[in-house]
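Asks: Structure for this input, please:
(one chain, ligands or ions: 1)
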Amino acid sequence: SKVPSLTLNNGVTMPQLGFGVWQVPDAEAAEAVGTALEAGYRSIDTAAVYENERGTGQALTASGLPREELFVTTKLWNDEQGYDSTLRAFDASLERLGLDYVDLYLIHWPVPAQDTYVDTYKAFEKILADGRARSIGVSNFLPEHLERLMDATSVVPVVNQIELHPQLAQAESRAFHARHEIATEAWSPLGQGRGLLEVPAIAAVARKHGRTAAQVVLRWHLQLGNVVIPKSVTPSRIRENIDVFDFELDTEDMAAFAALDEGRRLGPDPAVFGA
Ligand code: NAD
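Replies: Take a look at the predicted model:
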């Protein structure tokens with residue numbers, strides 16, 4: 001396939017670009033995921049709380065693609081944290097997806113006030129040992145949460161999926177992840193399509209390369225080494241977002257992007273969310 005893969009810290013390979021399905025209703029998920037698979041995406045990012053694991057799973061089955069060519073991620077929602085409840089929630093996700101295993105299972109948010117992510121991750125280690133997830137990781141963890149998790153458990157998370165886009169470049173988290181061989185996966189890589197794609201400096205880079213703003217933003221991520229999971233339900237955009245492997249940004253372009261970092265979140269603060 002034209003999408004390069006990253007090798008995770010456990011030796012498993014993961015496509016560097018995948019398809020996210022947050023806010024896609026279950027009834028539309030099969031069509032959107034089907035379009036993405038036809039366009040060449042092989043990695044799909046869903047979550048229990050998105051309530052579209054069934055539609056997603058239907059598209060995976062209907063595609064006829066060999067299971068080993070797919071990379072399926074789902075996530076455990078906050079109110080299912082805890083050892084036993086995690087095992088039950090994972091069974092339910094697998095059932096909805098219609099799969100025997102997922103490629104990656106993530107703790108969706110740390111919810112530090114609840115203080116259950118260590119026990120939750122111990123259940124993830126059991127799921128991994130049982131071969132029902134090929135890899136386990138986390139999402140929205142701050143470095144302090146990762147430190148605590150790694151002190152208390154034995155399997156280093158393969159990825160931390162965090163909000164990351166040119167206006168929230170997350171240099172500190174990326175450096176922390178690099179030191180611990182944790183891949184950085186960017187959620188809302190296009191800034192949710194809200195304003196970011198109209199930023200003049202990005203439009204200028206796009207014009208220079210004869211590409212769209214979304215395409216140059218995705219190039220920026222790929223060249224930083226991030227895994228990206230852009231979302232769209234529009235077929236032309238689904239295809240546009242994966243058509244980013246035949247050009248490169250130069251150092252001047254990367255510098256123009258670096259100047260846009262405002263450290264401003266679109267989503268919640270992981271230190272307090274879910275409390
Ligand atoms: P995104 O940054 O991928 O932006 C998606 C929006 O951008 C679309 O709805 C559309 O309005 C617009 N868009 C997409 N392609 C475009 C194009 N080519 N041209 C113009 N506009 C375009 O936002 P997202 O959906 O928030 O994030 C991507 C994925 O990340 C999600 O679907 C989900 O899988 C994941 N995610 C995870 C978390 C988490 O807490 N772990 C949180 C949010 C999202």
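Asks: Please identify the buried residues of stretch 167-178?
Replies: In terms of neighbour count (16 or more other C-beta atoms under 10 Å), stretch 167-178 has its buried residues at 167-170, 173-174, 176-177. Bear in mind the C-beta positions are built from the backbone N, C-alpha and C, glycine included.
Asks: gap between L222 and V244?
Replies: L222 sits 7 Å away from V244, taking C-beta to C-beta, to the nearest Å as the criterion.
Asks: Give the intersection of the neighbour lists for these two.
Replies: L17 (C-beta atoms under 8 Å, 6 or more residues apart in numbering).
Asks: who's in contact with the closest residue to the ligand within the stretch 151-275 of the chain?
Replies: Using C-beta to the nearest ligand atom, G193 is the residue of the stretch 151-275 of the chain that sits closest to the ligand, at 2.5 Å. Applying C-beta under 8 Å, 6+ apart, we find G193 in contact with A214.
Asks: coming back round to it: taking the buried residues of stretch 167-178 one by one, which sit in helices?
Replies: 173-174, 176-177 (DSSP state H).
Asks: Please, which helix or strand holds R207?
Replies: Here R207, judged by DSSP states H and E, is contained in helix 200-209.
Asks: which other helices and strands contact that helix?
Replies: The contact analysis (3 or more C-beta pairs under 8 Å, 6 or more residues apart in numbering; DSSP states H and E) places helix 200-209 against helix 213-224, helix 251-258.
Asks: Pick the most buried one from those helices.
Replies: Highest mean neighbour count of these: helix 213-224, a mean of 22 (counted as mean count of other C-beta atoms under 10 Å).
Asks: packing partners for the helix or strand just after that one?
Replies: Counting by DSSP H and E, the element after helix 213-224 in chain order, helix or strand, is strand 227-228. Helices and strands touching strand 227-228, by 3+ C-beta pairs under 8 Å, 6+ apart, are strand 183-187, helix 213-224.
Asks: coming back round to it: average pLDDT across the helix holding R207?
Replies: Model confidence over helix 200-209, given as mean pLDDT, is 98.
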